[in-house]
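Participant: A structural model of the following input is requested.
(one chain, ligands or ions: 3)
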Amino acid sequence: MALRLNRRNFFVGIAAAGHMLGQDRQLPLVNADRLRRDIEGLSAFGRPSGGNFSDGVSRVAYSDADRAGRAFFMDRMKAAGLAPRVDPAGNIFGRRTKFSAPNAEHEAPILFGSHIDSVPSGGNFDGDLGSFSALEVIRTLDERGIRTRRPLEMVVWANEEGVAFNSGLAGSRACAGRLASDEMDRVWNGMKKPDAIRRIGGVPERISEARRPADSFHAYLELHIEQGGTLERDRIPVGVVEGIVAIDEYIVDVRGFSNHAGTTPMPGRHDALIAASQLTLAVNEIVTHPAGPQVGTVGQMNVTPNAPNVVPGAVRMTVELRDLSQKKLDQLGAAIRARAAAIATQTGTEIDMKLVERLAPAIASPKVQSVIEESAAKLKLPSKRLPSGAGHDAQSMAFLGPMGMIFIPSIGGISHSPKELSRWEDCARGANVLLHSVLALSA
Ligand code: HGY
Ligand code: MN
Ligand code: MN
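Facilitator: Numbering: from 1, shown residues only. Ligands and ions are numbered 1, 2, ... in the order given. Here you go, the predicted structure:
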């Protein structure tokens, strides 16, 4: 039987449905399906062969997968009418200049985006959500014919994860003028840093031109998955980031003496892996006593010669420390260094501990935090303020101007893993909060 509705009832029903969804039909909303399709499309670049979306991705910066993923992203930008610009550091920018006021092109833009490089065997939401949501915001404004009083500039940062060259936020630090003096001399997996930057369309000889002056944007916004379990535990769909932790990364070289595993008596061995193992346990003990929000991780360890019948002669390992307080990281670093010296003496090895990366903590702008909260409220979405235990390009941008971050829940608090997962409904909600925060800041 055909469902017959008279015209008036039909429109009353539609309006009620719109209102029931908790969304005023006048509010512009992103196209959730298109956002999902883009994130799923990107996930193919670096996917394990024969795998599917849930098998995660390895799209390490400067790799072939990263190059292919970036090309895919720039094609989507062009399809949306943007002209992607790759800066000398390899960051991808897209600028929207549909203004509501004359001379608006001279106003400082709203800058928003994230990254699309991943850790090895990572997930398909870390960075990808914020990057494609930035593009989706621009597409939605275009479709709704909305003009803004400021330019809007989206960005995909290069090498946020820092797996390549052991130094993260590489593209956004170049933008913020925060590159280390030896940064361009570094070699990683046999690849020189300038060659890596060229691989993604950057111009290392002109990397200083990637730098932007302070206040070159009105505000910076980044949507990101929480990568922790707070929002899921509290059943809150939107996180308003108060601040981002400081990160210290050390490379530790342990030198012992390689020898025959069968003919070298246990006493008197100079086993580099024994020393490295004791140091790994010491890091865990020092960081957890006294208990606190600080974290410490030995995530990478290379043993030389790494053969079952040879006493390890050398070990290179990383020690990564994080906390909102740089002072606390300094104290932890000193305690670990002292313990390393004692272990070296006990094991007859030499241990060098070198600080290779220091990312300063960053406080989000109170004004931008309020804008994010008000945008969530406008969309009838509960929100809560929380710190970020993960590092983000937003902490580079904090050196140039006011920044804010929007979080959505990570299922099980899992990230940097193929099991990283967020609900598509939460992705769309986060993108809508980004959309309305951009509108509020560019009004
Ligand atoms: O390691 C981090 O905190 C970020 O995901 N790059
Ligand atoms: Mn990230
Ligand atoms: Mn990450």
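
Participant: all contacts plus neighbour counts: C-alpha atoms, from now on.
Facilitator: Will do.

Participant: Which parts of the stretch 301-443 of the chain are strands?
Facilitator: 301-304, 310-311, 314-323, 350-359, 362-363, 383-388, 403-408 (DSSP state E, counting those that start in this stretch).

Participant: Between those strands, which one is closest to residue 38.
Facilitator: strand 403-408 (18.0 Å; CA to CA).

Participant: on that earlier part again, tell me the most buried of the strands of the stretch 301-443 of the chain?
Facilitator: strand 403-408 (a mean of 28; mean count of other CA atoms under 10 Å).

Participant: what does that strand contact?
Facilitator: With CA atoms under 8 Å, 6 or more residues apart in numbering as the contact definition, strand 403-408 has outside contacts at 219-226, 231, 237-242, 364-365, 368-369, 372, 394, 397, 422, 426-427, 430, 433-434.

Participant: Take those and keep only those in helices.
Facilitator: 231, 368-369, 372, 394, 397, 426-427, 430, 433-434 (DSSP state H).

Participant: Pull the contacting residues for the nearest residue to residue 410 once chain neighbours are set aside.
Facilitator: Nearest non-adjacent residue to residue 410, counting by CA to CA, 6 or more residues apart in numbering: residue 422, 5.1 Å away. Residues near residue 422 by CA under 8 Å, 6+ apart: 125, 225, 408-411.

Participant: what's the pLDDT at residue 422?
Facilitator: On pLDDT, residue 422 comes in at 98.

Participant: now residue 105
Facilitator: 87.

Participant: Contacts only, for it.
Facilitator: 97, 99, 150-151.

Participant: do the same with residue 382
Facilitator: By CA under 8 Å, 6+ apart, the residues touching residue 382 are 236-238, 376.

Participant: which parts of the protein sit against ligand 1?
Facilitator: Contact residues (CA under 6 Å from any ligand atom) of the chain with ligand 1: 160-161, 390-392.

Participant: try it again with 8 Å
Facilitator: Neighbours of ligand 1 within the chain, by CA under 8 Å from any ligand atom: 126, 160-162, 168-169, 227, 389-392, 416.

Participant: which of those residues lies closest to residue 381?
Facilitator: Nearest member of these to residue 381, counting by CA to CA, is residue 227, at 19.7 Å.

Participant: May I ask you to confirm that the closest one is in contact with residue 387?
Facilitator: No - taking contacts as CA atoms under 8 Å, residue 227 lies outside contact range of residue 387: 11.5 Å.

Participant: Quick one: residues in contact with the top helix by length along the chain.
Facilitator: The longest helix of the chain (DSSP H) is helix 326-347. Under the contact criterion CA under 8 Å, 6+ apart, helix 326-347 has outside partners 246, 248, 269-271, 274-275, 278-279, 282-283, 286-287, 321-323, 350-351, 353, 360-361.

Participant: That helix to strand 350-359, inter-axis angle?
Facilitator: 170 degrees (axes from the mean of the first three to the mean of the last three CA atoms, to 10 degrees).

Participant: mean confidence for helix 326-347?
Facilitator: 98.

Participant: cool, stretch 207-226 as well?
Facilitator: The model assigns stretch 207-226 a mean pLDDT of 97.

Participant: per-residue confidence for the most centrally placed residue in the chain?
Facilitator: The centroid of the chain falls nearest to residue 392 when counting by CA atoms, centre = their mean (4.5 Å). The model reports residue 392 with a pLDDT of 97.

Participant: Test my guess that it contacts residue 244.
Facilitator: Yes - using CA under 8 Å, residue 392 is in contact with residue 244, at 7.5 Å.

Participant: For burial, what's the neighbour tally of residue 440?
Facilitator: 15 (other CA atoms under 10 Å).

Participant: can you check residue 95 too?
Facilitator: Residue 95: 19 surrounding residues under other CA under 10 Å.

Participant: Next, count neighbours for residue 402.
Facilitator: Neighbours of residue 402 (other CA under 10 Å): 22.

Participant: just residue 152 next, same as before
Facilitator: So residue 152, with other CA under 10 Å, has 26 neighbours.

Participant: Contacts only, for it.
Facilitator: Residue 152 neighbours (CA under 8 Å, 6+ apart): 95-97, 109-111.

Participant: where are the low-confidence patches of the stretch 151-300 of the chain?
Facilitator: For the stretch 151-300 of the chain, applying pLDDT under 70 flags no range at all.

Participant: Okay, helices next: where are they in it?
Facilitator: 170-176, 193-199, 230-234, 272-288 (DSSP state H, counting those that start in this stretch).

Participant: so of those helices, which one's packed in deepest?
Facilitator: helix 170-176 comes out most buried of the helices of the stretch 151-300 of the chain by mean count of other CA under 10 Å, with a mean of 27.
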